[in-house]
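Student: Give me the fold of what follows.
(chains A and B)
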Amino acid sequence: AQSVTQLDSHVSVSEGTPVLLRCNYSSSYSPSLFWYVQHPNKGLQLLLKYTSAATLVKGINGFEAEFKKSETSFHLTKPSAHMSDAAEYFCVVTPSYGGATNKLIFGTGTLLAVQP
Amino acid sequence: DTAVSQTPKYLVTQMGNDKSIKCEQNLGHDTMYWYKQDSKKFLKIMFSYNNKELIINETVPNRFSPKSPDKAHLNLHINSLELGDSAVYFCASSRGQGGNTEAFFGQGTRLTVV
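Tutor: Numbering: from 1, shown residues only, chains lettered A, B, ... in the order given. Below is the predicted model:
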């Protein structure tokens, strides 16, 4: 079975400082991992995805994440936070073996606040 | 052009009513989904359709009935609405049903049952 644990429900940073949103996963199979962002009253937008290629994945808006199999982690980072980054972030796992049904398993979300 | 569009965006209705939410995607995808986001922002899959065939049904009450008239549409009909059905419902689509394909989400439908 697959699952993800987002270790922080709330993270608050100052504008211009680094962002770290933590995610640990559990998967019986080689997983695909995603980060989605949800701005207030908006839909979900894909930030980046890992699908067994390079372990360091670069996404949109300066975000990146590193897949660490030994630590079963897929933490999201950004060197310098911007006010527009304030949103809810979801770590997502899904099995990536051939023929697998694309059932996204969502973490409980991390609310990122950016202080001026 | 909106890739995945849902209507309505907001829906307020009384308990016991029947309502439908429509979803359309213009991405040429063959797999569509309904997800439910509860008041704590937790997202969980409800249904998945591939080429108009149901492939995932996550123990959702029978009052919820998805209908896919074609690959580009997946509508959600809800009978006898209950207070606990209040949530944000997201439609999504993807190309294929492999686990490494990303899903594109609609803007959500906020359903409030009073």
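
Student: Show the low-confidence segments of chain B, by residue range.
Tutor: B:1, B:97-100 (pLDDT under 70).

Student: Run through the residues that contact the residue positioned nearest the centre of it.
Tutor: With distances taken as CA atoms, centre = their mean, chain B has B:W34 as the residue nearest its mean C-alpha position (3.0 Å). Applying CB atoms under 8 Å, 6 or more residues apart in numbering or on different chains, one finds that B:W34 lies in contact with B:C23, B:I45, B:M46, B:F47, B:P66, B:L74, B:L76, B:Y89, B:F90, B:C91, B:A92. From N, CA and C alone the C-beta is placed, and that goes for glycine too.

Student: In ChimeraX, select just the buried ones from these.
Tutor: Here the buried members of the contacts of B:W34 are turned into a ChimeraX selection, burial being counted by 16 or more other CB atoms under 10 Å in any protein chain shown:
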select /B:23,45,46,47,66,74,76,89,90,91,92
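
Student: Which element, helix or strand, includes the residue nearest to the centre of chain B?
Tutor: Element membership of B:W34, judged by DSSP states H and E, is strand B:31-37.

Student: Could you check whichever helix or strand comes after that strand against chain A for contacts?
Tutor: Downstream of strand B:31-37, the first helix or strand assigned by DSSP H and E is strand B:43-50. Yes. Legend: contact between strand B:43-50 and chain A by CB under 8 Å from any CB of the partner chain is shown at B:L43, B:K44, B:I45, B:S48.

Student: mind checking how far stretch B:20-31 is from the chain centre?
Tutor: Centroid separation for stretch B:20-31 versus its chain: 10 Å, with CA atoms, centre = their mean, to the nearest Å.

Student: Max pairwise distance over the contacts of B:W34: which two?
Tutor: In terms of CB to CB, the contacts of B:W34 reach their longest pairwise distance at B:C23 and B:I45, which sit 14.2 Å apart.

Student: dump the residue contacts of B:L83.
Tutor: Under the criterion of CB under 8 Å, 6+ apart, the contact partners of B:L83 comprise B:M15, B:V113, B:V114.

Student: ok, and the most crowded of the residues of strand B:43-50 next to chain A?
Tutor: Looking at these with neighbours defined as other CB atoms under 10 Å in any protein chain shown, the largest count falls to B:S48 at 26 neighbours.

Student: Pass me the low-pLDDT residue ranges in chain A, would you?
Tutor: Scanning chain A for pLDDT under 70 picks out the ranges A:96-102.

Student: Report the central residue of it.
Tutor: When chain A is reduced to its mean C-alpha position, the closest residue under CA atoms, centre = their mean turns out to be A:W35, at 3.2 Å.
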